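Enquirer: Structure, please.
(one chain, ligands or ions: 2)
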Amino acid sequence: MENQVKQAYEAAKSLYAQHGIDTDEVLKKLAEIKVSVHCWQGDDVKGFLNKDGELTGGISVTGQYPGAATTPAELREDLEQAFSMIPGKHKVNLHAIYADTDEQVELDRIEPKHYENWVKWAKEQGLGLDFNPTCFSHEKSSDGFTLSHSDPEIRKFWIDHCKASRRIGAYFGEQLGQTCVTNVWVPDGFKDNPVDRMTPRKRLKDSLDEVFAEKLDPKYHLDAVESKLFGLGSEAYVVGSHEFYMGYGLQNDTLICLDAGHFHPTEVISNKLSSLALFTNGILLHVSRPMRWDSDHVVIMDDELLEIARELVRHDLLPTTHIGLDFFDGSINRVAAWVVGTRNTIKALLRAMLEPVDALKSAELQGDYTLRLALTEEFKTYPFGAIWDYYCAQQKVPVREQWIAEIKTYEQEVLLQRDKSFV
Ligand SMILES: C[C@H](O)[C@H](O)[C@@H](O)C(=O)CO
Ligand SMILES: [Mn+2]
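Expert: Ligands and ions are numbered 1, 2, ... in the order given. Got it, this is the predicted structure:
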């Protein structure tokens, strides 16, 4: 480790120690937190089962940056590159369309064997896996409806797909010896005002009951349900609204997934955690950055990211919260997008762990709002960067911006060669 990094750490450590914060202990706890890195940033949500098909379901990726992964092997190679620049051991979040198989398998027929290469790789890399049924970008979702479809045959197709996905998730969990979260998100909704808001919701509820009927060991597998306020082409009404899934999750003991981009533009998920946590056994997060709409921008160190991290730390929610990422930007180097978003998420957690929470809570309890404000503001310029640098060095990943040069080399040597091979 560079001397400068060590010296800066020692100086910062003694400053934090004056407030009773043991930075060595903080770093040990930080190393235990797993972030679920979404595979779909690597190829603009195309997947491999129908990679030339259109991206539908009211989501969109913009940008033409060269070098997107086009095979499972390339995607894994890119993920390995990203993880070599991210401190800690984490998870990869797969969508069903990322099956690694030569078989022309339909979504309602997928089996663990179609993901075996992912499992083998995850074992080798010491990673966990999470899973998602893919209820979009398919001819059977072309009119915008899946689990709430009015046609029982189409509904059955999607129910069978979600059932198959849960079994794959459970297989991941058993094979890797750590819990896999399988998250159900469906795009179902109307572009314009519906007359009947209730019946599609009733159908979605019935479909979910069928999907979740098979009991799976919670040690290895947990279910989650993800709501959304609107999508492109479903601006007026989304069947799986927040109230719908909050009710469903509470009644059926599934995790409720909060995606930072799935609410009104000024509504934040950080303010929901302390409420939901009082009534649930756990929460799934999709950390994202909506800009004006659910635009899925790369996560940066903004106020909301820090506030999410603070809520998790201050209320001891880390043990029961599953932190997933959800963004996709095709206008920049996609590996760099992963690195920036994941490093920021971990860095925000570190910043939150380096705050004098007990002193702040006690100031608030005593009504000393002056102290609360003053201390919060002073801590904004405490040297958390020195602790972060030391953590990166300790975890043997690049310190500060050193990773950018490595990514540029990877871009030249690997990513840009892919596009050339098509010429
Ligand atoms: C790929 C999607 O973004 C993802 O499945 C879902 O979580 C979502 O947020 C849709 O808006
Ligand atoms: Mn999401």
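
Enquirer: Which helix in the chain has the most residues?
Expert: Looking across the chain with DSSP state H, the single longest helix is helix 152-176.

Enquirer: which helices and strands does that one pack with?
Expert: Helix 152-176 sits against helix 116-125, strand 128-132, strand 180-184, helix 198-211, strand 221-226, with contacts defined as 3 or more Cβ pairs under 8 Å, 6 or more residues apart in numbering; DSSP states H and E. Where C-beta positions appear, they are placed from N, C-alpha and C, glycine not excepted.

Enquirer: What residue in the stretch 51-200 of the chain comes nearest to ligand 2?
Expert: Ligand 2 sits closest to W185 of the stretch 51-200 of the chain, with a gap of 6.1 Å, by Cβ to the ion.

Enquirer: Spatially nearest residue to that residue, not counting backbone neighbours?
Expert: Using Cβ to Cβ, 6 or more residues apart in numbering and skipping the chain neighbours, the partner closest in space to W185 is E226 (3.9 Å).

Enquirer: any idea how far G385 is from that neighbour?
Expert: For E226, the distance to G385 equals 34 Å [Cβ to Cβ, to the nearest Å].

Enquirer: same deal with L30?
Expert: Counting by Cβ to Cβ, the separation of L30 from G385 is 14 Å.

Enquirer: quick one: which of those two has more around it?
Expert: A side-by-side neighbour count of L30 and G385, using other Cβ atoms under 10 Å, places L30 first with 21 against 14.

Enquirer: show me what contacts the more buried one?
Expert: Shown in contact with L30 (Cβ atoms under 8 Å, 6 or more residues apart in numbering): 88, 346, 349-350, 353, 391.

Enquirer: got it, and Q41?
Expert: Contact analysis of Q41 by Cβ under 8 Å, 6+ apart lists 325, 327-329, 334, 337-338, 341.

Enquirer: Tell me the spacing between it and P87.
Expert: 19 Å.

Enquirer: and what of A224?
Expert: 26 Å.

Enquirer: can you give me the strands for this structure?
Expert: Counting by DSSP state E, the chain has strands at residues 35-38, 91-95, 128-132, 180-184, 189-190, 221-226, 237-238, 255-259, 283-287, 289-291, 293-297, 321-325.

Enquirer: Same list, these, but as a markdown table with mean neighbour count and mean pLDDT please.
Expert: Shown next, in a markdown table, are those (neighbours: other Cβ atoms under 10 Å; pLDDT from 0 to 100):
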| stretch | mean neighbour count | mean pLDDT |
| --- | --- | --- |
| strand 35-38 | 25 | 98 |
| strand 91-95 | 26 | 98 |
| strand 128-132 | 25 | 99 |
| strand 180-184 | 27 | 98 |
| strand 189-190 | 22 | 98 |
| strand 221-226 | 23 | 98 |
| strand 237-238 | 21 | 98 |
| strand 255-259 | 24 | 98 |
| strand 283-287 | 25 | 98 |
| strand 289-291 | 17 | 98 |
| strand 293-297 | 20 | 96 |
| strand 321-325 | 24 | 98 |
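
Enquirer: As a markdown table, those with distance to ligand 1 would be great.
Expert: Converted to a markdown table, the strands of the chain look like this (distance: least, Cβ to the nearest ligand atom, whole Å):
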| stretch | distance to ligand 1 |
| --- | --- |
| strand 35-38 | 7 |
| strand 91-95 | 6 |
| strand 128-132 | 5 |
| strand 180-184 | 7 |
| strand 189-190 | 11 |
| strand 221-226 | 5 |
| strand 237-238 | 10 |
| strand 255-259 | 5 |
| strand 283-287 | 5 |
| strand 289-291 | 10 |
| strand 293-297 | 6 |
| strand 321-325 | 8 |
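
Enquirer: Just send these back as JSON lines, with distance to S141 too.
Expert: Below are these laid out as JSON lines (distance: least, Cβ to Cβ, whole Å):
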{"stretch": "strand 35-38", "distance to S141": "20"}
{"stretch": "strand 91-95", "distance to S141": "14"}
{"stretch": "strand 128-132", "distance to S141": "14"}
{"stretch": "strand 180-184", "distance to S141": "14"}
{"stretch": "strand 189-190", "distance to S141": "11"}
{"stretch": "strand 221-226", "distance to S141": "16"}
{"stretch": "strand 237-238", "distance to S141": "14"}
{"stretch": "strand 255-259", "distance to S141": "19"}
{"stretch": "strand 283-287", "distance to S141": "20"}
{"stretch": "strand 289-291", "distance to S141": "23"}
{"stretch": "strand 293-297", "distance to S141": "18"}
{"stretch": "strand 321-325", "distance to S141": "22"}
